[in-house]
Every structure is written in C-alpha cells, then in structure tokens.
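Q: Requesting a structural model of the entry that follows:
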Amino acid sequence: MATVEHDSTVPGGSGTRRYRSPLRRMQAAQTRAVVLEAATRLFAERGWVATGVRDVARAAEVSVETVYTTFGSKADLLKSALEVAIVGDDAEVPLADRPVYTAIRTGRTTSDRIESGARMIATINERIYRLAVAIRQGATADATLAAVAADLEGQRRRSVADVADLIVGRHADPGQVDELWVQAHDQVYALLVDECGWSRVRYESWLIDRIEEILDRPV
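A: Numbering: from 1, shown residues only. Down below sits the predicted model:
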C-alpha cells in the first residue's frame with residue numbers, strides 16, 4: 001500500500017494524484033469523444049434547430065451538465081464537431097501536416113497531385129456537408145455559428161488556393177481559384193450525392209476532371 005499511497009520521489013508526496021491524473025485525462029478524452037460522436041450524428045441527421053444538448057447527452061449517455069462543462073455551449077459543441085470532421089479525428093494535428101495533404105505536395109506528376117487533391121476534398125466533404133448545413137442554419141440566429149460559417153468559407157478558400165498552388169507548382173490564377181472553390185464546395189457535393197444520387201467515387205472522379213479542366217485552361 002505504501003507504494004500506492006505515497007510518491008517515493010517526492011518527500012511527503014501522495015502517489016494517489018500520480019495514478020489518478022492520467023486516468024482522469026483518459027476518462028475526459030473518452031467522454032469528449034463519445035459526446036462528439038453523438039453530436040456529429042444528431043446534428044447531421046436533424047440539423048441545428050431539432051438537435052438539443054439534452055438529445056446529445058442522452059445519446060452519449062452522459063449528463064447535460066457534462067456536455068456543457070466539456071464544450072461550453074450548443075454552438076461550441078457543433079463547432080467542435082465540425083473541426084473534428086474536417087481533419088477526421090480529435091488529434092491536434094493541422095490538416096496541412098496530415099498524410100492526405102502531404103500526398104498532394106509529394107505527388108510526382110500533376111495527375112498524381114490532382115488525384116490526391118480531389119480525394120482529400122471528397123473525403124472532407126463527405127464528413128462535413130451535413131454539419132455545414134446545420135451550421136448555416138444556426139448562423140442565422142447564433143453569433144458564434146455565424147463566425148464559424150464565415151471562418152469555414154475563409155478556410156475553404158485558402159485551402160483550395162493552397163491545393164491549386166501545390167498542383168501547378170506556382171501561384172494559381174485567382175480566376176482558377178474562384179472556379180475551383182465553387183466546384184469543391186460542400187453544397188455542390190450535397191447536390192450531386194444527395195439530390196442526384198451520385199456515389200462518393202463518382203463525385204471524386206468528376207472533381208478530378210473539373211480540376212484538370214480548370215488548371216489546364218490558358219489564363
């Protein structure tokens with residue numbers, strides 16, 4: 001018991017804190033992940049208005065207070081869900097440092113880089129497009145989500161420009177970036193997949209053709 005109750009490296013120190021702190025952090029991370037999974041599913045299925053914090057708490061099997069303590073507000077919860085959906089997990093690794101992005105940078109040919117770029121865009125759109133709908137709904141009434149919606153568009157524009165630069169090996173023409181930004185938008189993905197019944201694979205193939213067409217065109 002002595003080795004558990006006392007920290008032998010610190011005179012008078014309590015070993016209980018040493019053992020409990022990592023456990024608390026692990027439990028907090030697990031709780032956060034469960035709540036985010038529930039929130040992502042419900043916001044995607046029901047939208048902003050029809051999804052309450054109580055609904056998320058019930059689906060995650062935690063208390064309402066736990067959701068608020070972990071995320072702060074309903075808007076912050078949706079914002080966190082979007083941030084995780086963009087990169088694919090809750091790890092603090094920027095998109096630009098992830099394999100899906102570095103594959104564009106390291107592609108040997110223009111075709112390789114275009115395919116990697118289209119694959120990344122399709123993957124992200126598949127994860128976020130329903131959450132983006134919820135954010136645009138909430139943005140009309142919530143200042144936090146209005147800022148999130150504006151930031152999402154800004155990030156999207158910068159990412160499209162960066163991807164175009166990587167593909168062509170120089171600064172892409174602003175007009176080309178405009179067209180790519182529209183073609184790569186999550187709302188276009190939603191129209192083709194949800195309204196037209198396209199598969200993700202068909203959308204990705206279509207996007208490859210659009211990127212090639214836009215970047216090959218004389219400016």
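Q: in the protein, which spans are helices?
A: Remark: helices assigned in the chain by DSSP state H are 2-5, 15-46, 53-60, 64-71, 74-87, 99-106, 110-139, 143-168, 174-183, 186-190, 200-216.
Q: Just put these in TSV and tack on mean pLDDT.
A: Compiled in TSV, the helices of the chain are given as follows (pLDDT from 0 to 100):
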stretch	mean pLDDT
helix 2-5	37
helix 15-46	84
helix 53-60	98
helix 64-71	96
helix 74-87	95
helix 99-106	93
helix 110-139	96
helix 143-168	94
helix 174-183	96
helix 186-190	97
helix 200-216	97
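Q: got TSV for those, with mean neighbour count and distance to V93 too?
A: C-beta: built from backbone N, CA, C; applies to glycine. TSV is the format used below for these (neighbours: other Cβ atoms under 10 Å; distance: least, Cβ to Cβ, whole Å):
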stretch	mean neighbour count	distance to V93
helix 2-5	9	35
helix 15-46	15	15
helix 53-60	18	24
helix 64-71	16	20
helix 74-87	21	7
helix 99-106	15	10
helix 110-139	21	14
helix 143-168	17	15
helix 174-183	16	24
helix 186-190	18	22
helix 200-216	17	23
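Q: which residue is nearest the centroid of the chain?
A: The centroid of the chain falls nearest to I86 when counting by Cα atoms, centre = their mean (1.8 Å).
Q: Surely that one and I128 touch.
A: Yes: here I86 reaches I128: they are 6.0 Å apart, a contact under Cβ atoms under 8 Å.
Q: okay, and the common contacts of the two?
A: With contacts defined as Cβ atoms under 8 Å, 6 or more residues apart in numbering, no residue is shared by I86 and I128.
Q: Count the neighbours of the closest residue in space to L42 that isn't next to it in sequence for me.
A: Distances taken as Cβ to Cβ, 6 or more residues apart in numbering put T51 closest to L42, at 4.7 Å, once the chain neighbours are dropped. T51 has 23 neighbours, counted by other Cβ atoms under 10 Å.
Q: Now for T51: which residues touch it?
A: 39, 42-43, 74, 134.
Q: I'd like to know which of these is nearest to A118.
A: Taking Cβ to Cβ as the measure, A118 lies nearest A134 of those, at 25.2 Å.
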